[in-house]
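Student: Below are the sequence and a predicted model; questions follow.
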Amino acid sequence: MFIAMNTFTIDDSRKVEFEDIWTNRERYLKETKGFKNFKLLRGDESEGRRDYISHSTWESKEDFWAWTESEQFKKAHKNKTPEGIILGPPKFRSFEVILEE
């Protein structure tokens, strides 16, 4: 398995707006080969900021990267988040699962 995560640092005064955008957007993941699950994680507030992590699990690294090249990916990411909500670019991290219980 493969896990892909993006960390977004958000202006905490706009967290409701950020969460609404994610809640109401089409993700097209369920129709994608190798997709297992998606979670949006909310961290604690600190100094007017808050981190969120988009966390997706895939059957393989190849399935994830194929998703990023797909039409579904382009459709899911066509609308930009309004300026000022996200403080800086997202930080991408990925992991291969080597042990699961």
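Tutor: Perfect, I can see it now.

Student: And the residue nearest the centre of the chain?
Tutor: Nearest to the geometric centre of the chain sits S54, at 2.8 Å (C-alpha atoms, centre = their mean).

Student: In this structure that one contacts L29, no?
Tutor: No - if you go by C-beta atoms under 8 Å, S54 and L29 don't touch, sitting 10.6 Å apart. Every C-beta, even on glycine, is put in place using the N, C-alpha and C of the backbone.

Student: Touching both of these two, which residues are there?
Tutor: F38 (C-beta atoms under 8 Å, 6 or more residues apart in numbering).

Student: Can you check my assumption that T23 lies in a helix?
Tutor: Yes - residue state for T23 (DSSP: H, G, I helix; E, B strand; the rest coil) corresponds to a helix.

Student: what's the burial count for the closest residue to E96 other than its chain neighbours?
Tutor: Nearest in space to E96, with sequence neighbours left out and distances taken as C-beta to C-beta, 6 or more residues apart in numbering, is F2 at 5.6 Å. F2 has 19 neighbours, counted by other C-beta atoms under 10 Å.

Student: check contacts around F2.
Tutor: 57-61, 63-64, 94-97.

Student: can you rerun that using 10 Å?
Tutor: The contact partners of F2, taken as C-beta atoms under 10 Å, 6 or more residues apart in numbering, are 34, 36, 56-65, 94-97.

Student: strands paired with the helix or strand where the residue nearest to the centre of the chain lies, and their directions?
Tutor: Using DSSP states H and E, S54 maps to strand 49-58. Looking at strand 49-58 with DSSP bridges, its partner strands are strand 2-11 (antiparallel), strand 35-46 (antiparallel).

Student: how about a markdown table for the ones you listed, with mean pLDDT and distance to G88 added?
Tutor: Formatted as a markdown table, these follow (pLDDT from 0 to 100; distance: least, C-beta to C-beta, whole Å):
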| stretch | mean pLDDT | distance to G88 |
| --- | --- | --- |
| strand 2-11 | 98 | 6 |
| strand 35-46 | 97 | 15 |
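
Student: and among these, the most buried is which?
Tutor: Stretch with highest mean neighbour count among the strands paired with strand 49-58: strand 2-11 (a mean of 18; mean count of other C-beta atoms under 10 Å).

Student: Noted, bye for now.
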